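Engineer: Have a look at this fold, sequence not included:
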């Protein structure tokens, strides 16, 4: 079991307790779920090379579409999404 699966199981347990205690208002739970989903590595998007500074970059974040600045970048600098290389 990886870290993402551990977080997801913990979230499910928290969600059950939260709903039994506070009802259906789940704005806080949505934020937690969004953070957990960013821990799941996603493949970067490949596109036509764009010039960034003096180099050309051809990969971007699958969540926010931010251009990834390093070829071996493991996490998006903009939104925190884990990148699967």
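Structural biologist: Looks like it came in fine. Just so it is clear, the model here is predicted, and its values are computed rather than measured.
Engineer: Give the rounded mean pLDDT of stretch 8-15.
Structural biologist: When pLDDT is averaged along stretch 8-15, the result is 85.
Engineer: So what touches that stretch?
Structural biologist: Here stretch 8-15 makes contact (C-beta atoms under 8 Å, 6 or more residues apart in numbering) with 26, 29, 32-33, 36. C-beta coordinates here come from the backbone N, C-alpha and C atoms, glycine included.
Engineer: after the biggest helix by length in the chain comes which helix or strand?
Structural biologist: Using DSSP state H to define each element, the chain has its longest helix at helix 3-22. Where DSSP states H and E defines the elements, the next helix or strand beyond helix 3-22 is helix 27-37.
Engineer: Give me the angle between that next one and helix 3-22.
Structural biologist: 170 degrees (axes from the mean of the first three to the mean of the last three C-alpha atoms, to 10 degrees).
Engineer: So which elements touch helix 27-37?
Structural biologist: Identification of packing neighbours for helix 27-37 by 3 or more C-beta pairs under 8 Å, 6 or more residues apart in numbering; DSSP states H and E yields helix 3-22.
Engineer: What residues sit buried inside the helix it packs on?
Structural biologist: 7-8, 11, 18 (16 or more other C-beta atoms under 10 Å).
Engineer: and what of stretch 22-32?
Structural biologist: residue 32.
Engineer: Could I get the contacting residues of the residue nearest the centre of the chain?
Structural biologist: The centroid of the chain falls nearest to residue 38 when counting by C-alpha atoms, centre = their mean (1.9 Å). Contact analysis of residue 38 by C-beta under 8 Å, 6+ apart lists 63, 79-82.
Engineer: which of those residues has the most neighbours?
Structural biologist: Neighbour counts for the contacts of residue 38 (other C-beta atoms under 10 Å) peak at residue 81, which has 20 neighbours.
Engineer: What distance do you get for it to residue 55?
Structural biologist: Residue 81 sits 22 Å away from residue 55, going by C-beta to C-beta, to the nearest Å.
Engineer: cool, and residue 77?
Structural biologist: From residue 77 to residue 55 the distance is 16 Å (C-beta to C-beta).
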